[in-house]
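>>> Okay, structure incoming, though there's no sequence with it:
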């Protein structure tokens with residue numbers, strides 16, 4: 001059998017190279033994790049692995065609750081009815097958009113810490129402690145009370161996370177929690193709780 005020459009070897013390599021650059025798709029194996037949830041990868045941000053791990057765990061819980069709160073706002077945005085329909089329809093959607101912004105900020109911070117952010121709503125449902133509302137429609141006061149309870153759940157966890165990130169000198173997570181997550185949730189509580197005040201539309205004579 002003749003020995004392959006440099007020319008034939010080059011041709012073979014060229015053919016193999018052409019195959020590697022083929023436009024054909026090469027689907028990967030499903031279910032192969034490159035980083036499992038809860039594990040940390042290297043993140044050279046001058047913060048210990050212990051501090052990064054604790055922050056990521058706290059942020060992921062808040063992230064899961066925020067995803068549920070966002071979905072609750074969207075549901076109420078669609079189902080709200082009654083004399084205040086227009087105002088609440090717009091307000092609920094505005095708050096949902098603001099929660100979506102917080103979700104993105106929280107997830108990006110978890111990734112910055114070298115962890116894996118909660119990304120699947122079904123995973124979020126497993127982690128959240130926010131009570132699940134009925135699948136059907138509720139009256140407006142019930143919607144608002146559910147939102148207020150959900151906000152309080154989030155805020156209590158945010159306050160605890162602020163304390164822990166402060167003690168761990170994780171200033172990046174601490175600033176995000178205080179400047180963005182806490183203040184935004186508190187402001188939304190003020191806006192929706194004002195709809196529960198019983199005042200007349202016009203002054204008494």
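Looks like it came in fine. As the structure is a computational prediction, the values presented were derived from the model and not from experiment.
>>> Longest helix in the chain, by number of residues?
In the chain, assigned by DSSP state H, the helix with the most residues is helix 49-79.
>>> Could you tell me the angle between whichever helix or strand comes after that helix and helix 49-79?
Once the chain leaves helix 49-79, the next helix or strand it forms, by DSSP states H and E, is helix 85-112. Orientation of helix 85-112 against helix 49-79 (axes from the mean of the first three to the mean of the last three C-alpha atoms, to 10 degrees) gives an angle of 160 degrees.
>>> Show me what helix 85-112 is packed up against.
Contact here means 3 or more C-beta pairs under 8 Å, 6 or more residues apart in numbering; DSSP states H and E; on that basis helix 85-112 packs against helix 49-79, helix 171-175, helix 183-193. Placement of C-beta: from N, CA and C, glycine included.
>>> Show me what secondary structure element comes after it.
Next helix or strand after helix 85-112 toward the C-terminus (DSSP H and E): helix 121-127.
>>> Let me see the contact set for the spatially closest residue to residue 56 that is not a sequence neighbour.
Leaving aside its sequence neighbours, residue 56 sits nearest to residue 115 (C-beta to C-beta, 6 or more residues apart in numbering; 3.5 Å). Residues near residue 115 by C-beta atoms under 8 Å, 6 or more residues apart in numbering: 38, 39, 40, 41, 52, 53, 56, 57, 60.
>>> how about JSON lines for the helices and strands packed on helix 85-112, with distance to residue 148 added?
Listed next are the helices and strands packed on helix 85-112 as JSON lines, based on distance: least, C-beta to C-beta, whole Å:
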{"stretch": "helix 49-79", "distance to residue 148": "11"}
{"stretch": "helix 171-175", "distance to residue 148": "26"}
{"stretch": "helix 183-193", "distance to residue 148": "6"}
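>>> No further questions, thank you.
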